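K.L.:
Sequence and predicted model, in that order:
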Amino acid sequence: MSRKITISKYEDNTQWSVNVEDSYGQLYHLGYWVNVDYDSFSSYIEEKAKEIWSNEVKPEEDLLGNAIKECIQSDINRGVEPSLD
């Protein structure tokens, strides 16, 4: 995975939306801005992104979710209709 900053704005909208993604794919929403001064806006985003990236933590594995997926896949492989009942 790669780190990235996404700044978006809907057409004819005055709000800018900012998201930062860390190297584990975790998404952080920094907020919405209206009528921004570009220099202070970009400095703030850069500072926040560096802060997020310097504090990255690998997310814990979802053991229950993975076990359920394995059970479903096992049922599919055996030709049985998957059921969580």
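P.N.:
Happy to help now that I have it.
K.L.:
Which elements pack onto the helix or strand that contains residue 42?
P.N.:
For residue 42, the element it lies in under DSSP states H and E is helix 38-54. Helices and strands touching helix 38-54, by 3 or more Cβ pairs under 8 Å, 6 or more residues apart in numbering; DSSP states H and E, are strand 4-8, strand 15-21, strand 27-34. The C-beta positions use only the backbone N, C-alpha and C, and glycine is treated the same way.
K.L.:
Flag every buried residue along that helix.
P.N.:
Buried residues in helix 38-54, counting neighbours by 16 or more other Cβ atoms under 10 Å, are found at 44-45, 48-49, 52.
K.L.:
quick one on the thing from earlier: just put the helices and strands packed on helix 38-54 in TSV and tack on mean pLDDT and distance to residue 70.
P.N.:
Below are the helices and strands packed on helix 38-54 laid out as TSV (pLDDT from 0 to 100; distance: least, Cβ to Cβ, whole Å):
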stretch	mean pLDDT	distance to residue 70
strand 4-8	92	31
strand 15-21	91	28
strand 27-34	88	26
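K.L.:
what about the ones you listed, which gets the closest to residue 82?
P.N.:
Shortest distance between residue 82 and the helices and strands packed on helix 38-54, using Cβ to Cβ, is found for strand 27-34: 29.3 Å.
K.L.:
Pull up the pairing partners for that closest one, direction included.
P.N.:
With DSSP bridges as the test, strand 27-34 is paired with strand 15-21 (antiparallel).
K.L.:
Strand 4-8 and the partner strand, what's the angle between them?
P.N.:
170 degrees (axes from the mean of the first three to the mean of the last three Cα atoms, to 10 degrees).
K.L.:
what does strand 15-21 rub up against?
P.N.:
For strand 15-21, the surrounding residues in contact (Cβ atoms under 8 Å, 6 or more residues apart in numbering) are 1, 3-9, 27-34, 36, 41, 45, 48-49, 52-53.
K.L.:
Select only the buried ones of these in ChimeraX?
P.N.:
Buried residues among the contacts of strand 15-21 (16+ other Cβ under 10 Å), as a ChimeraX selection:
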select :5,30,33,45,48,49,52
